[in-house]
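Trainee: Pasted the sequence and its predicted model underneath.
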Amino acid sequence: MKNIWVILKREYLTRIKNKTFIIMTFLAPILITAFYGGAIYVATKGAEDNTQKTIYLSSSNALVQKINRKFDNFEFINEPNIPPGGTVVLDKINEDIEKGKVNGWLIISDQDLTNLDSTELIVKEAFSVNQKNTINEFLKAQITKQLLQTKGISQSILDSAQVKGGISMVEENESGKMENSSSELKSGVGFIMAFIIYFFIFMYGSMVMRSAMEEKTNRIVEVIISSVKPFQLMFGKILGVALVGLTQFFAWILLSLIFVLGIGKYLSSGIQMPQNLPQGSMNNQQAIKTLVDQNDLLGHLQTLPYAQIIVVFLLFFLGGYLLYSSLFAAIGAAVNQETDVQQFMLPVSLPLIFGLIIAQSVVFQAPNGHLAKVFSMIPLTSPIVMAVRVPFGISWSEIFTSAAILYLTFFIMVWISAKIYRIGILMYGKKPTWKDFAKWIRQS
């Protein structure tokens, strides 16, 4: 343990005293916020196509001629030389599309408008999925309205039958109090946690791998292992980098809390209470303030299970890092150059990548479903899947069972990796193979 502590201390102090580490510790929360803000803006605003699109509409059905001609950035027009229900001059319309006079030509050949199975949209440049769906949904809504009107249902009745608003989710907390909740917020928090764990397992695991490779290629390791055992060197590196990661995380959490509290105070100070309440209406003011708080983002944040989130984040980030860094350390010790790394990294990384895919699909749809629970117990995917599930609330027994499996797997893997590390760290001149790994593991 003394030798492991010496190596741990060296790895830790060397990295946290680095100027780049100090600068990035303070800049990373700002850069991550800017990155996600920019990504959200591009996804919601930057990718929109606001150009006006004109589409010829051809149909012999009289009901189609009554639908609205403009919506969003689209406009349906009848080709000037073609009367409604008349013969379509294909060459003329195709020529207009080629010249860019119009963006497309919508042909509705269906006589039975309850089933649009003979409707085509001819374009020169393909529309996006969203644009196609927008046209499709608008067309179906307009035809539905026309069909209802033919059955004697007036526009005023249709308007009065439009349902507005939507459901709000109320969740019972541990104390039995009912609070507003947001599935979107829980999904967002869970996925951000999962992505952070995914990203930093790779980042800090790669640190361990590069450190082992540098010491091997520079022949420094030959001097080091004259004083310590290869296992002690590998384990000291893993724990030292783990402490570096935890130090950086705690610094980021502190900076993020300051940032969030500052924004929350700014937002709350901007809430204007009504000034014309009756005298003696303090209860009214309190009621209004309660409603504002409950519907505010900060109100939804209060429903998150923070104790479980913190425990899961620390347990599974550390456990996931320890498990994968032991594998990365073995790879770094076995290879002789960067070009040899990829053939070993891909199989090792695939389970972690698959865990992120599960987080984006199955877990968001059913966070407490059977498949989500299964992958929460598989140690190679549990660091990602558990992080996504925890904001929705899971039992402590499930958390600790999954963590126990994860750390037990780590101890098994570090024992296996140590055998590869012990032989591979002094192996030069030969490119290792999976067969070599299996042989080194079998050796005592």
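Mentor: Looks like it came in fine. The structure displayed is predicted, hence computed values, not measured ones.

Trainee: From now on I want contacts and neighbour counts done on CA atoms only, so please keep to that.
Mentor: OK.

Trainee: Quick one: list the elements packing against whichever helix or strand I196 is part of.
Mentor: Under the criterion DSSP states H and E, the helix or strand holding I196 is helix 183-217. When contacts are defined as 3 or more C-alpha pairs under 8 Å, 6 or more residues apart in numbering; DSSP states H and E, helix 183-217 sits against helix 230-269, helix 306-334, helix 342-360, helix 382-389.

Trainee: now that helix, how far from the chain's geometric center?
Mentor: Its chain's C-alpha centre lies 14 Å from the corresponding centre of helix 183-217 when counted by C-alpha atoms, centre = their mean, to the nearest Å.

Trainee: quick one, which of the helices and strands packed on helix 183-217 is nearest to L116?
Mentor: Nearest to L116 among the helices and strands packed on helix 183-217 is helix 342-360; the distance by C-alpha to C-alpha comes to 33.4 Å.

Trainee: quick check: angle from that closest one to helix 382-389?
Mentor: 20 degrees (axes from the mean of the first three to the mean of the last three C-alpha atoms, to 10 degrees).

Trainee: Identify the residues contacting helix 342-360?
Mentor: Helix 342-360 has contacts (C-alpha atoms under 8 Å, 6 or more residues apart in numbering) with 191, 194-195, 198, 324, 327-328, 331, 372, 375, 380-382, 384-385, 388.

Trainee: Pull the most distant pair out of the residues you listed.
Mentor: Farthest apart among the contacts of helix 342-360 - using C-alpha to C-alpha - are I331 and A372, which lie 30.2 Å from each other.

Trainee: who has more neighbours, the two?
Mentor: I331 (30 against 23; other C-alpha atoms under 10 Å).

Trainee: ok, now how distant is the more buried one from L239?
Mentor: According to C-alpha to C-alpha, to the nearest Å, I331 and L239 sit 17 Å apart.

Trainee: do the same with S376
Mentor: From S376 to L239 the distance is 24 Å (C-alpha to C-alpha).

Trainee: so which of the helices and strands packed on helix 183-217 comes closest to A403?
Mentor: Nearest to A403, of these and by C-alpha to C-alpha, is helix 306-334 at 6.8 Å.

Trainee: The stretch 1-150 of the chain: helices as residue ranges?
Mentor: 2-16, 19-41, 90-99, 129-150 (DSSP state H, counting those that start in this stretch).

Trainee: Looking at those, which one is packed in the most?
Mentor: Most buried of the helices of the stretch 1-150 of the chain, by mean neighbour count (mean count of other C-alpha atoms under 10 Å): helix 2-16, with a mean of 17.

Trainee: got the contact list for that one?
Mentor: Helix 2-16 has contacts (C-alpha under 8 Å, 6+ apart) with 21-22, 228, 232-233, 235-241, 243-244.

Trainee: Among the contacts of helix 342-360, which one lies nearest to S402?
Mentor: S382 (7.2 Å).

Trainee: thought the closest one was touching S376?
Mentor: Yes: counting by C-alpha atoms under 8 Å, S382 touches S376, with 4.3 Å between them.

Trainee: Between those two, which contacts overlap?
Mentor: Residues touching both S382 and S376 (C-alpha under 8 Å, 6+ apart): S402.

Trainee: quick one: the residue nearest to the spatial centre of the chain from G369, how far?
Mentor: Nearest residue to the geometric centre of the chain (C-alpha atoms, centre = their mean): F191, 4.6 Å. F191 sits 17 Å away from G369, going by C-alpha to C-alpha.

Trainee: for the stretch 201-350 of the chain, what are the low-confidence residue spans?
Mentor: Along the stretch 201-350 of the chain, the parts satisfying pLDDT under 70 run over 221-223, 225-226, 259-303.

Trainee: Quick one: mean pLDDT over stretch 351-364.
Mentor: Averaging pLDDT along stretch 351-364 yields 82.

Trainee: picking up where we left off before, so of the contacts of helix 2-16, which two are at opposite extremes in space?
Mentor: By the measure C-alpha to C-alpha, I22 and V228 form the most distant pair in these, at 30.0 Å.

Trainee: strand partners of the lengthiest strand in the chain, parallel vs antiparallel please.
Mentor: Looking across the chain with DSSP state E, the single longest strand is strand 53-59. Paired strands of strand 53-59, with direction, are strand 74-77 (parallel), strand 104-108 (parallel) (DSSP bridges).

Trainee: Can you say which of these is nearest to L315?
Mentor: So among the strands paired with strand 53-59, strand 74-77 is nearest, using C-alpha to C-alpha, at 52.4 Å.

Trainee: Next, V163: secondary structure please.
Mentor: Under DSSP: H, G, I helix; E, B strand; the rest coil, V163 falls in the coil class.

Trainee: burial of it, as a residue count?
Mentor: 7.

Trainee: Can I get stretch 359-367 in CSV? Just the C-alpha atoms.
Mentor: What follows is stretch 359-367 as a C-alpha-only set of coordinates in CSV (Å, rounded to 0.1, in the frame of the first residue of the first chain):
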residue,chain,number,x,y,z
ALA,A,359,-30.0,5.6,-22.6
GLN,A,360,-31.2,7.6,-25.6
SER,A,361,-33.9,5.1,-26.7
VAL,A,362,-35.3,2.4,-24.4
VAL,A,363,-34.6,4.2,-21.1
PHE,A,364,-36.3,7.4,-22.1
GLN,A,365,-39.4,5.5,-23.2
ALA,A,366,-39.5,3.2,-20.1
PRO,A,367,-37.0,4.2,-17.4
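
Trainee: who's more crowded, S376 and L239?
Mentor: S376 (26 against 23).

Trainee: from memory the more buried one sits against S402, does it?
Mentor: Yes: judged on C-alpha under 8 Å, S376 makes contact with S402 at a distance of 6.6 Å.

Trainee: Next, show the common contact partners of those two.
Mentor: Both S376 and S402 are contacted by S382, under the criterion C-alpha under 8 Å, 6+ apart.

Trainee: before we move on, the earlier item: quick one, which of the contacts of helix 2-16 are buried?
Mentor: Buried by 16 or more other C-alpha atoms under 10 Å: Q232, L233, F235, G236, K237, I238, L239, G240, V241, L243, V244, out of the contacts of helix 2-16.

Trainee: Would you convert these into a markdown table that also reports distance to F35?
Mentor: What follows is those, written out as a markdown table (distance: C-alpha to C-alpha, whole Å):
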| residue | distance to F35 |
| --- | --- |
| Q232 | 39 |
| L233 | 37 |
| F235 | 34 |
| G236 | 34 |
| K237 | 31 |
| I238 | 29 |
| L239 | 30 |
| G240 | 29 |
| V241 | 25 |
| L243 | 26 |
| V244 | 23 |
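
Trainee: Which single one of these is nearest to W396?
Mentor: Set against W396, the nearest of those by C-alpha to C-alpha is L243 (25.4 Å).

Trainee: In space, what's closest to the closest one - neighbours in sequence excluded?
Mentor: The spatially closest residue to L243, leaving aside those adjacent along the chain, is Y12, at 6.7 Å (C-alpha to C-alpha, 6 or more residues apart in numbering).
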